[in-house]
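Visitor: here's my sequence, what's the structure:
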Amino acid sequence: MRSIQEFRSLNGSDLRKRLEEFKKELLKLNVQVASGANTANPGKLRQTKKNIARINGLLQQQEADAK
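Guide: Residues are numbered from 1 along each chain as shown. Below is the predicted model:
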C-alpha cells in the first residue's frame with residue numbers, strides 16, 4: 001500500500017512512470033475479474049484504483065502550481 005507522502009516525494013516524470021505501472025496492473029486485475037478467476041488479493045483492485053486517483057490528483061496539483 002502506498003501513502004500519499006511517498007507519491008509527493010516523487011517528481012513529475014517518476015509520477016507518470018508509476019501511473020503507467022498502476023494502469024497496467026489495473027488492466028491485468030480487470031482481466032482476471034472478467035475471466036472469473038479467483039484473485040489472490042481482492043482488495044488490490046480497489047487499492048490500485050485509489051493509487052491512480054492519488055497520482056492523477058498530484059499531477060494536476062503540480063501543473064496548477066507551475067502556472
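Visitor: can you read off the pLDDT for the most centrally placed residue in the chain?
Guide: Nearest to the geometric centre of the chain sits I52, at 2.8 Å (Cα atoms, centre = their mean). Here, the pLDDT recorded for I52 equals 96.
Visitor: and it, what element?
Guide: Per DSSP states H and E: I52 is located in helix 43-66.
Visitor: can you give me the buried ones in that helix?
Guide: By neighbour count on 16 or more other Cβ atoms under 10 Å, the buried set for helix 43-66 is 45, 48, 51-52, 54-55, 58. Backbone N, C-alpha and C define where each C-beta goes, glycine included.
Visitor: can you redo those as TSV with distance to F22?
Guide: Shown next, in TSV, are the buried residues of helix 43-66 (distance: Cβ to Cβ, whole Å):
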residue	distance to F22
L45	11
T48	6
N51	5
I52	5
R54	9
I55	7
L58	13
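Visitor: returning to that earlier point: thought the residue nearest to the centre of the chain was touching L26?
Guide: Yes. Counting by Cβ atoms under 8 Å, I52 touches L26, with 6.7 Å between them.
Visitor: hmm, back to that, just checking, what packs against the helix holding I52?
Guide: On a contact count with 3 or more Cβ pairs under 8 Å, 6 or more residues apart in numbering; DSSP states H and E, helix 43-66 meets helix 4-8, helix 12-35.
Visitor: related to what we said a few turns ago, show me the two of the buried residues of helix 43-66 that sit farthest apart.
Guide: L45 and L58 (21.1 Å; Cβ to Cβ).
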